[in-house]
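**Q** following is a predicted model, sequence given first.
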Amino acid sequence: MGKLKLLTALGWRNLWRNKRRTFITFTAIGVGVWSMITLASLMDAWAMSTFNASISTLVGHGQIHAKEFLDDPSVDHRMTPPPAPMRAMLNEPEVEAWATRVRVSAIVQSERENAPVTLVGIDPKKERTLSFIADAVSDGRYLDSDSDSGILLGRKLVKRLRTGLNKRIVLMSQDSTGVIAERGFRVVGIFEAEQTETETLYAFVAIKQAQKMLLIKNEISEVSFILHNLDLLPVFLDRLRANNPELHIVSWWELQPFTQAILDMSSGTIALWTVIMFILVAFGLVNTLLMAVFERTREFGLLQALGMRPKLILIQVLIESMLLVGVGVVAGLVTGVLSIRIFKQGLDLGVLAEGATTFGAGRVLYPQMDWPQGLYIILFVWVMGVVISLYPAWRAARDVPVDTINRSY
Amino acid sequence: MIIQLAWRNLWRQPRRTVLSSLAIAFTSAFMIFMPSLQNGSYNSMIESTLRLYDGYAEIQQEGYRDNPEIRNSIKNYTAVITGLEGLPEIKAVGARGIGSAVLSSKSRSLGAQIVGVEPSVEAKLSSIPSNIRNGRFLQGEDSDEIVMGVTLARNLQLNLGDKVTLLGMGRDGSLAVDSLVLVGTFVTGINALDRLMAEMPLGRFQQSFSMNQQVHAIVLSGENISQFQPVLASVRDIAAQHNLSLLDWKALQPGLYQGIILDISSAAMIYIAMIIVVTFSLLNSLLMSVLERTREFGMLLALGMRPGSIGRMIWAETVLLIVFGLSIGLLIGYLVSEYYAKVGIHFEKAQEVFDKFGLPSAIYPEVSVLTLLVGPTIIGLSVLFAGLFPVLRIYRLQPVAAMRTI
């Protein structure tokens, strides 16, 4: 143990015998690690933004439907409101929010134009924590009760229909008897969504108004819910499925496979990038360490002649590389964390935002330091860095004392 | 002679030279392969997105894009088409009318977007005619046929041969009513199209919607998107003569365009980080190879070699190292890219998901002079710049002191 302490002290001093070289190596390792950490956090922010956007666009963490609803989302495939046992499950503390909805295809007609939409009847109070709608209303107001007689339309749809706030529009949809029901609504609010498609796809009314229009009493099309902790979702879904075999219970990844693909792709990219960057750093590292060893061949020879065991020389070189890589890695980590902190308030994609929303992410990314991942990256670089320095260390320990002391340049 | 000396000097340390040039080779190969891959995937994304429905470019009435109203139509479209057909790069030109209506079957009624197309040219403009799942595409310019997205047909509970009633608003505000027969259903993988779109012959569309021989869009198509770009200028002139506006692919799919720019910017960040890392790694080796030869340089100076010549020799070493590394990198990068350009990179696991968004599930890298040379050039220049530092050291050497160093 005492030996190790001595070797560490020696190694540290050896590092600073050649300040410039040490600094250059630090920089190479540091920039490498910095790019790994920053990129990882940006990729994660992108994936999270995609995930959140899709969860809050009516998907939730999971949904409950009548069996045939997803295949054929018509008014015929409706379900009764959650019975007491299901209600009890949904009111458990692990559930953050849940709400019932009515969802049918409809046609919205203004005085001059008409357009197909998905009509969603919502419970305004419960929907507030569940989905984007309440925060997205930019003109007018949100629905104030579950029997509000107003309608919320997307900015783009309002423009397309050439209607406006406080104007009347007519909704047409097939009711439960198969007849086309028509009903007038006043536009009380206009919402703006990150995905412009959302603005033309949906129209929101109070759930009771939708039920009245479709003649379905208190029946609903779906229940959507989110949990506090996503890790609990599989168990929760299993319990729901076991207790409600007659209903179709789906998770967010079944509803949004593209979002799942993005999450997978982003972790794949992070791993790939870490390896590629490491290979680059490794070339420089091996070269530097080899040089640091060769220029000290005489010194190692002398140390051996004085009785230092080759094994200790090997260990000393390894310790030097541990310190060298260690400091570089920590420097990369620190700069990485700092540059992530710059964007704590959000990285606004500005003019390219529409590009981001096309691929399902938001306009603003919120990069966050993922400590387990960051530590995993620096540990990987550090351990691998020490592993590849085995070669120079072995070279240093191999030389025969007399030969090396006599060697001149 | 300097070059010869430099070359021999390089191989005095074969291990170091090999490692350094491998670092250069690896980086440049990566920076050849990745841009070709990006290039290929962008092109195929653009291609498959535009082929789906939009076409390579569209001519519309000024303002129709923001305000797609049925009133915003093109009057003398046949004159425009005749003008366009003279351009050799344009493979196909077709007109479309676009409206919305309620489609009803016996049991169901749903809103849909109705597109009037010219059945004979539509196959060259969009991939919908080739994506027919059941039945066939439209035939005849004014038959009473309709094709629709497979989800729409299912939601309407329609089978092939069933009657569909169309109810909408015509161009003059009158009622548009028609009775059509479902002859086919298509699958594009895009939910919005499969769920909301139906196509009928343009002639019939113009009658039903009281279009008075007018259309909403003139759609153009060519051999491929890059060959199509040069012709846009003359198309724009023709459109301007008729007071119409031309939308190129960037205007038709602004999200896709910006997504690509975003991807390029994030890739640029990666490349810059790579170049910094590789330059710093090499800077160390370059400096070292000078420092360890201080004695030798001192002697050369003492023998009367000018610092300038030594500097040039060291510079030449760097240049040779770069050339050596880059050649290997170019070769590997080129071969790997070309190999995958032939075989393609397949994502079998994600195929279903890619299909859903109309993206191709195999990517073919596209090698061009640009993708081959930009990356390696930047790497070469950065390392060349780093090579200045060891050269500068030579000028600070004092012959006697230098010879005494170990």
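**A** Noted; the coordinates are in hand.
**Q** name the nearest residue to the closest residue to chain B within the stretch 151-300 of chain A, sequence neighbours excluded.
**A** Relative to chain B, the nearest point of the stretch 151-300 of chain A is residue A:284 (2.3 Å; Cβ to the nearest Cβ). Heads up, the C-betas are built off the backbone N, CA and C, glycines and all. Leaving aside its sequence neighbours, residue A:284 sits nearest to residue B:281 (Cβ to Cβ, 6 or more residues apart in numbering or on different chains; 2.3 Å).
**Q** for the helix or strand containing that neighbour, which positions count as buried?
**A** According to DSSP states H and E, residue B:281 maps onto helix B:254-291. Applying a neighbour-count criterion of 16 or more other Cβ atoms under 10 Å in any protein chain shown, one finds B:255-260, B:262-263, B:270-271, B:273-291 buried in helix B:254-291.
**Q** elements contacting the biggest strand by length in chain A?
**A** Identified as the longest strand of chain A according to DSSP state E is strand A:95-109. Helices and strands touching strand A:95-109, by 3 or more Cβ pairs under 8 Å, 6 or more residues apart in numbering or on different chains; DSSP states H and E, are strand A:114-122, helix A:124-130, helix A:155-161, strand A:168-174, helix A:207-214, strand A:222-227, strand B:109-117.
**Q** just put the ones you listed in TSV and tack on distance to residue B:125.
**A** TSV is the format used below for the helices and strands packed on strand A:95-109 (distance: least, Cβ to Cβ, whole Å):
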stretch	distance to residue B:125
strand A:114-122	23
helix A:124-130	42
helix A:155-161	24
strand A:168-174	32
helix A:207-214	39
strand A:222-227	38
strand B:109-117	8
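**Q** can you list the ones you listed in a markdown table and add mean neighbour count?
**A** Output for these, formatted as a markdown table (neighbours: other Cβ atoms under 10 Å in any protein chain shown):
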| stretch | mean neighbour count |
| --- | --- |
| strand A:114-122 | 23 |
| helix A:124-130 | 18 |
| helix A:155-161 | 20 |
| strand A:168-174 | 19 |
| helix A:207-214 | 22 |
| strand A:222-227 | 22 |
| strand B:109-117 | 24 |
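**Q** with mean pLDDT and distance to residue A:369 added, can I get these in JSON lines?
**A** Output for those, formatted as JSON lines (pLDDT from 0 to 100; distance: least, Cβ to Cβ, whole Å):
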{"stretch": "strand A:114-122", "mean pLDDT": "91", "distance to residue A:369": "36"}
{"stretch": "helix A:124-130", "mean pLDDT": "92", "distance to residue A:369": "27"}
{"stretch": "helix A:155-161", "mean pLDDT": "90", "distance to residue A:369": "35"}
{"stretch": "strand A:168-174", "mean pLDDT": "92", "distance to residue A:369": "47"}
{"stretch": "helix A:207-214", "mean pLDDT": "94", "distance to residue A:369": "41"}
{"stretch": "strand A:222-227", "mean pLDDT": "94", "distance to residue A:369": "24"}
{"stretch": "strand B:109-117", "mean pLDDT": "91", "distance to residue A:369": "46"}
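**Q** in the stretch 301-406 of chain B, which spans are helices?
**A** Applying DSSP state H, counting those that start in this stretch to the stretch 301-406 of chain B gives helices spanning B:307-343, B:351-356, B:369-386, B:388-394, B:399-404.
**Q** check the stretch 1-150 of chain A too.
**A** So, for the stretch 1-150 of chain A - with DSSP H, counting those that start in this stretch - the helices run A:2-15, A:19-54, A:84-90, A:124-130, A:133-136.
**Q** with the stretch 201-350 of chain A instead?
**A** A:207-214, A:233-243, A:252-255, A:257-294, A:297-305, A:310-342.
**Q** what pLDDT does the model give residue B:337?
**A** Note for residue B:337: predicted pLDDT of 92.
**Q** excluding its backbone neighbours, what's nearest it?
**A** residue B:36 (4.3 Å).
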